[in-house]
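> What follows is a predicted protein model with its sequence.
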Amino acid sequence: MRDFEYPEKYKDISDEKLVRLCRDGLQDAFTALSVRFIFVMKNKAEDLKGHGVEADDLFQEGLIGLNNAVTGFDESAGATFRTYASVCIRNRMVSAVRSANSSGNLISNTALPLYEQTDTPSAAITEPENALAAGEALRDIMKVIENELTELERNVLSLYLEDKSYEEISAQVGKSRKACDNAMQRVRRKLRSMK
């Protein structure tokens, strides 16, 4: 089992540099970035959970939002990665809430909590106890992924985290859309059972 503690070598590296390292394929760079944003994701998930989606599902959507932020960030646009990622994470969660409430009862942006943007270093990296708690949360998630998910479930989750549609996932894994959807539901149940 790999150790998912915060990689100390990234402690003094900016978010923007971590993004470049993530794009170069360094998995531990994404782990470090995830640790920095884990409390942002958890707090936003907690704030939105009363709108028809559970906090655990929203947290998963937040991870997708963070991954999307890594791939879509443009340093020349003038915003910091922290600001851009916070918006991507929130937007992904709000989209999940809207999808869950798509029965004509859509939630407006004004009904959802607003978040203050900050360029200060993440609390997860500046406070040792936060870094430890975040590292433990990531380690727990990785244990479930590595030990409890089937190969199909891991493949579906990986493609889902790349923001692929169920049709695209189905084509890549060679299973029906329904089988992929069922696999993703099992992944969610297994991740929820971590509590």
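Received it, and whenever you're ready, just let me know what you need. Everything numeric in this text was worked out from a predicted model, so none of it was measured.

> Let's see the helix or strand where Gly65 lies as CSV, backbone CA atoms only.
Assigned by DSSP states H and E, Gly65 falls within helix 55-72. Extracted C-alpha coordinates of helix 55-72, given in CSV (Å, rounded to 0.1, in the frame of the first residue of the first chain):
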residue,chain,number,x,y,z
ALA,A,55,-21.8,15.8,1.3
ASP,A,56,-19.8,12.8,0.3
ASP,A,57,-21.1,12.9,-3.3
LEU,A,58,-20.4,16.6,-3.4
PHE,A,59,-16.9,16.0,-2.1
GLN,A,60,-16.3,13.6,-5.0
GLU,A,61,-17.6,16.2,-7.4
GLY,A,62,-15.2,18.7,-5.8
LEU,A,63,-12.3,16.4,-6.7
ILE,A,64,-13.5,16.3,-10.3
GLY,A,65,-13.6,20.1,-10.2
LEU,A,66,-10.1,20.3,-8.8
ASN,A,67,-8.9,18.0,-11.6
ASN,A,68,-10.7,20.1,-14.2
ALA,A,69,-9.0,23.2,-12.7
VAL,A,70,-5.6,21.6,-13.1
THR,A,71,-6.2,20.9,-16.8
GLY,A,72,-8.0,24.2,-17.5
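
> Mind checking the pLDDT average for it?
Here helix 55-72 scores 86 as its mean pLDDT.

> Show me which residues of it are buried.
By neighbour count on 16 or more other Cβ atoms under 10 Å, the buried set for helix 55-72 is 55-70. From N, CA and C alone the C-beta is placed, and that goes for glycine too.

> Likewise for stretch 170-178?
By 16+ other Cβ under 10 Å, the buried positions in stretch 170-178 come out as Ser170, Val173, Lys175.

> go on, stretch 72-86?
So for stretch 72-86, counting by 16+ other Cβ under 10 Å, buried means Phe73, Thr80, Phe81, Arg82, Tyr84, Ala85, Ser86.

> So which elements touch the strand or helix carrying Thr83?
In this structure, Thr83 sits in helix 81-100 according to DSSP H and E. Helices and strands touching helix 81-100, by 3 or more Cβ pairs under 8 Å, 6 or more residues apart in numbering; DSSP states H and E, are helix 15-23, helix 27-48, helix 55-72.

> Please save the CA atoms from it in CSV.
Output in CSV follows, covering the C-alpha atoms of helix 81-100 (Å, rounded to 0.1, in the frame of the first residue of the first chain):
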residue,chain,number,x,y,z
PHE,A,81,-4.9,29.0,-9.2
ARG,A,82,-6.5,29.1,-5.7
THR,A,83,-9.2,31.5,-7.0
TYR,A,84,-9.7,29.5,-10.3
ALA,A,85,-9.8,26.1,-8.5
SER,A,86,-12.3,27.4,-5.9
VAL,A,87,-14.6,28.5,-8.7
CYS,A,88,-14.2,25.2,-10.6
ILE,A,89,-14.8,23.2,-7.4
ARG,A,90,-17.9,25.2,-6.5
ASN,A,91,-19.3,25.1,-10.1
ARG,A,92,-18.9,21.4,-10.2
MET,A,93,-20.8,21.0,-6.9
VAL,A,94,-23.5,23.4,-7.9
SER,A,95,-24.0,21.5,-11.2
ALA,A,96,-24.4,18.3,-9.2
VAL,A,97,-27.0,20.0,-7.0
ARG,A,98,-28.8,21.3,-10.0
SER,A,99,-28.8,17.9,-11.6
ALA,A,100,-30.2,16.3,-8.5
